[in-house]
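**Q** Can you look at this prediction? I've put the sequence above it.
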Amino acid sequence: MKITLIQTGKTTSGYIMKGVEDFASRIRRYIAFELVTVPDLKNTRNMPPAMQKEKEGKGITRLLNNDDYIIILDESGKNLSTLEFAADLRRIFMMPKKRAVFIIGGPWGIADEVRNESDFVLSLAKMTFSHQLVRLLFAEQLYRALTVINGDPYHHE
C-alpha cells in the first residue's frame, strides 16, 4: 500500500516546508509516501468561499481513484489517540486498497463532493489549525504511528 497526502495550495512558510519534508523522508523509510499539492486557485479575491471550496474539491476529486481509502483531515472528524491511529492504519493496510489518501482542504475546508467520497473523517484536535500547519502536525503523527506499528522507539506510552 501507498500513502498519499493531498493538500491544497503551496506551503508558504519555510519552517513548515522543512518540517514536512523531514517527516516525509522519515515516513518513506516505512512505506511509499507521496505529497500531492492541488494548485492554488487564481483570482479568488471576489470569489465566495463556497465557490472556492467547490473548485478546490474538483481539483481533489480528479486525483482520487476508485480503489483509494480516503481519509479527510477535519476538525469535525473523530479524535483518535496515537495508538488508536496506529491501529486504524494497521487495519487500513490490510484492506484490498492501493492507496490510503489523506486530504487536507484549503482555508475554507473540504467540499461536500470530497466529503461524500471519503471513508473516514479524522480530527487531529478539537482546535482549529491553519491548513498549512495541519500538514506538519499530520506528517509527525503519521510518522509516529508508523513507528508504533513497527515497534520503533519514538512514541512513549
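**A** In hand now; what should we look at? Residues are numbered from 1 along each chain as shown.
**Q** shaky segments in this protein?
**A** For the chain, no stretch is flagged by pLDDT under 70.
**Q** Longest strand in it, by number of residues?
**A** strand 68-79 (DSSP state E).
**Q** Not counting whichever helix or strand comes after it itself, show me its contacts.
**A** Heading C-terminal from strand 68-79, the first helix or strand you meet, by DSSP states H and E, is helix 82-93. Contacts with helix 82-93, where a contact means Cβ atoms under 8 Å, 6 or more residues apart in numbering, come from 1, 69, 80, 100, 120, 122, 141, 144-146, 148-149, 155, 157. Heads up, the C-betas are built off the backbone N, CA and C, glycines and all.
**Q** Can you turn the buried subset of these into a selection I can paste into ChimeraX?
**A** In ChimeraX syntax, the buried subset of these is picked out as below (16 or more other Cβ atoms under 10 Å):
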select :69,80,100,122,141,144,145,146,148,149
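**Q** and Phe33, what are its bridge partners?
**A** In this entry, Phe33 is beta-bridged to Ile3, by DSSP bridges.
**Q** That one: neighbouring residues, count only.
**A** Phe33 has 21 neighbours, counted by other Cβ atoms under 10 Å.
**Q** what about it, distance to Gly151?
**A** 19 Å (Cβ to Cβ, to the nearest Å).
**Q** how about the strands in this protein?
**A** 2-8, 32-38, 68-79, 99-104, 120-123.
**Q** Please consider this matter closed, and thank you.
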